[in-house]
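> Quick one, what's the 3D model for this:
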Amino acid sequence: MSQTSVEKSAVQSEPTKADIPTGVLASFRYAFSSFSRLRMEVLAGLSVALVLIPEAIAFSVLAGVDPRVGLFSSVVMAISIAFLGGRPAMITAATAAVALVIGPVARDHGIDYLIATVLLGGLLQVIMAVLGVARLQRFIPRSVMTGFVNALGIMLFTSQLPHLFGVTWEVYPLVVVGVLTMWLFPKVTKAIPAPLVTIVVLTGGAALLGWKVPDVSGQGELPSSLPQFFIPNVPYTWETLRIIAPYAFGMAIVGIMQSLMTAKLVDDITDVHSNKTREAFGLGVANILSGLFGGMGGCAMIGQTMVNVKQSRARTRLSTLLSGVFLLILVLAASNLVGMIPMAALVAVMMMVGIGTINWRSLHPRTLKFMPLSETAVMLLTMGGTLATRNLAVGVVLGVLAAMISFARRVAHVVTIKKVAELDTTNDGTIDTRTYRVYGQLFWASSNDLVYQFDYNDTADHIIIDMSHAGVWDASTVATLDAIRSKYEERGKKVSITGLQGPSQMRLHALSGKLDFVQ
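Residues are numbered from 1 along each chain as shown. Sure, this is the predicted structure:
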């Protein structure tokens, strides 16, 4: 087949929003729908498996456990999430985020307590998924998502820099060639993933030239046997639960948050919505299975997912499944060959992935000029919090809190009150009834100053507060309305609150007179 025909078939296989299925069987059927699509998924899985090996070893060291723990965890999780997850083509394996959370357990109490923590963390994730925690992701604004993506790209890039210090000079030309290959090869053809080409070219080049450079074998010992079923030898007591519960809860939160954010990122790239609740549930089950085979657990790997989806253009569950299968084969049957891969090749791949992940348009001066200052601040806070702590979850939480405060401040100033002159007058010409019409949505922030916007010296005997154009959202607003009513009644005036319907009326009826308020 000529190069032109290969490129044509690759272009024809490029999926569109209408034809990318997300169900398990449908996704696998789509992977086998054409030779070009199948080739793309297989090569993507192989590329990801090669990139996973040093990462899994490094995360094992970070957690203070044997490299086999991280590798087997990655194998089990990648294979299981391919069937259980809600986001096709997303890579789930051992991660630094989870390793940082549960690492102290292994150092202070040993591997058995670590595995018990992973099992409990997975169970908590299943419970959270059943309770619908994944649906809370809709409250993460775009500015937080942008800050998250930018911080991720910077972290992916900077995490490779230590591999460039204290090394022989041969490493630097290898990295340069690798970066150029990642950049230029997709311009020639997209039939073969650029990361795979980069790894093969640099490995072959280093071997032919006889260059002695840091390689994968120097990162840690690769396993030589299949993972075994593992039950942690810990006492089933409240003391054990007291030790592992805080770490398990932290692992559950960090894992779900990173996985859901990564799923949203892939949704945006592929233009296909995924099932976030199923992803959270699948993550929990995958962590439980990982623990039962002696793994350290994990969550979505953002860098490897970008290699799979953005660089290799995979779109189905087959690529995720094969990343785990190829990883197992490589570490067991081809460990000597895998050990020869120069770290420079993997550094070049991940650097380009990091550069490609950053949303450069969001950082352009022209964009920042027209973007609302509050949204820019939220984006920068998310980036700063993530980069300062090296923890994506911390950055996202800070960004969401800042966005909530910013939104509450804006909405708080939207509420207005219009004083309406009434025609209903007494015989002496004074107004008997006065209507105050309230516009806007009332909650704890917007209703705080509401009590000061009424004229309590109004000469009318009957005060009507018309809420036809307003909504009551919380108890703070009900307490404020009670305070307003009380101030008028102290002056001998009758107060009527009208116009509310539905939940707002029910909320006022249920809480009015039962709350303390500031007069």
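> mind showing which ranges of the stretch 1-150 of the chain have poor pLDDT?
The stretch 1-150 of the chain contains residues with pLDDT under 70 at 1-19, 61-62.
> what about 80?
For the stretch 1-150 of the chain, the stretches with pLDDT under 80 are 1-22, 54-55, 57-67, 96-97, 100, 136-139.
> Also the stretch 151-300 of the chain?
Judged by pLDDT under 80, the stretch 151-300 of the chain has its weakly predicted residues at 152, 156, 190-191, 219-225.
> In the stretch 351-500 of the chain, mark out all the helices, start to finish.
365-370, 373-389, 392-412, 475-490 (DSSP state H, counting those that start in this stretch).
> Now do the shortest one: everything it contacts.
Spelled out, it's helix 365-370. 361, 376 (C-beta atoms under 8 Å, 6 or more residues apart in numbering). (C-beta placed from N, C-alpha, C; glycine too.)
> Over to the second one?
Helix 373-389 has contacts (C-beta under 8 Å, 6+ apart) with 141-144, 146-148, 150-152, 154-155, 362, 368, 392, 394-399, 402-403, 406, 410.
> Would you mark the buried spots in it?
Buried residues in helix 373-389, defined by neighbour count with 16 or more other C-beta atoms under 10 Å: 374-383, 385-387.
> One more: the third one?
Of all the residues in helix 392-412, those buried under the rule 16+ other C-beta under 10 Å are 392-400, 402-403, 406, 412.
> what would the helices of the stretch 351-500 of the chain look like in JSON lines with distance to Ala300 and mean pLDDT?
Below are the helices of the stretch 351-500 of the chain laid out as JSON lines (distance: least, C-beta to C-beta, whole Å; pLDDT from 0 to 100):
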{"stretch": "helix 365-370", "distance to Ala300": "28", "mean pLDDT": "85"}
{"stretch": "helix 373-389", "distance to Ala300": "15", "mean pLDDT": "90"}
{"stretch": "helix 392-412", "distance to Ala300": "10", "mean pLDDT": "81"}
{"stretch": "helix 475-490", "distance to Ala300": "38", "mean pLDDT": "88"}
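> Out of those helices, flag the one nearest Ala263.
helix 392-412 (13.4 Å; C-beta to C-beta).
> In JSON lines: the buried residues of helix 392-412, plus distance to Phe185.
Below are the buried residues of helix 392-412 laid out as JSON lines (distance: C-beta to C-beta, whole Å):
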{"residue": "Leu392", "distance to Phe185": "30"}
{"residue": "Ala393", "distance to Phe185": "35"}
{"residue": "Val394", "distance to Phe185": "36"}
{"residue": "Gly395", "distance to Phe185": "33"}
{"residue": "Val396", "distance to Phe185": "34"}
{"residue": "Val397", "distance to Phe185": "39"}
{"residue": "Leu398", "distance to Phe185": "38"}
{"residue": "Gly399", "distance to Phe185": "35"}
{"residue": "Val400", "distance to Phe185": "39"}
{"residue": "Ala402", "distance to Phe185": "41"}
{"residue": "Ala403", "distance to Phe185": "39"}
{"residue": "Ser406", "distance to Phe185": "43"}
{"residue": "Ala412", "distance to Phe185": "53"}
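> which stretch of helix or strand covers the one residue sitting closest to the centre of the chain?
Geometric centre of the chain, nearest residue: Met261, 1.7 Å, by C-alpha atoms, centre = their mean. Here Met261 sits within helix 238-270, counting by DSSP states H and E.
> OK, contacts around Thr95?
59, 255, 258, 298-301.
> Just the ones in helices from those, please.
Of the positions in these, 59, 255, 258 sit in helices, assigned by DSSP state H.
> Quick check: ChimeraX command selecting the buried ones in those residues.
A single ChimeraX command selects the buried members of the ones in helices among the contacts of Thr95 (16+ other C-beta under 10 Å):
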select :59,255,258
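> quick revisit: counting by contacts, list what the helix holding Met261 packs against.
helix 96-109, helix 111-130, helix 142-158, helix 276-292, strand 299-300, helix 302-306, helix 392-412 (3 or more C-beta pairs under 8 Å, 6 or more residues apart in numbering; DSSP states H and E).
> so what's Ser143 up against?
By C-beta under 8 Å, 6+ apart, the neighbours of Ser143 are 375-376, 378-379, 382, 399, 403.
> go again using 6 Å as the cut-off
For Ser143, the contacting residues are 375, 378-379, by C-beta atoms under 6 Å, 6 or more residues apart in numbering.
> repeat for Met90
Contacts of Met90 by C-beta under 6 Å, 6+ apart are 266, 300, 305.
> So which of those is the closest to Ile81?
Ala300 (8.6 Å).
> which ones are touching that closest one?
By C-beta under 6 Å, 6+ apart, the residues touching Ala300 are 90, 92, 258-259, 262.
> quick one: it and Ala89, what's the gap?
11 Å (C-beta to C-beta, to the nearest Å).
> With Leu241 instead?
On the measure of C-beta to C-beta, Leu241 and Ala89 end up 37 Å apart.
> out of those two, which sits in the busier spot?
More crowded of Leu241 and Ala89, by other C-beta atoms under 10 Å: Ala89, with 32 against 13.
> Could you look up the SS state of that one?
Under DSSP: H, G, I helix; E, B strand; the rest coil, Ala89 falls in the coil class.
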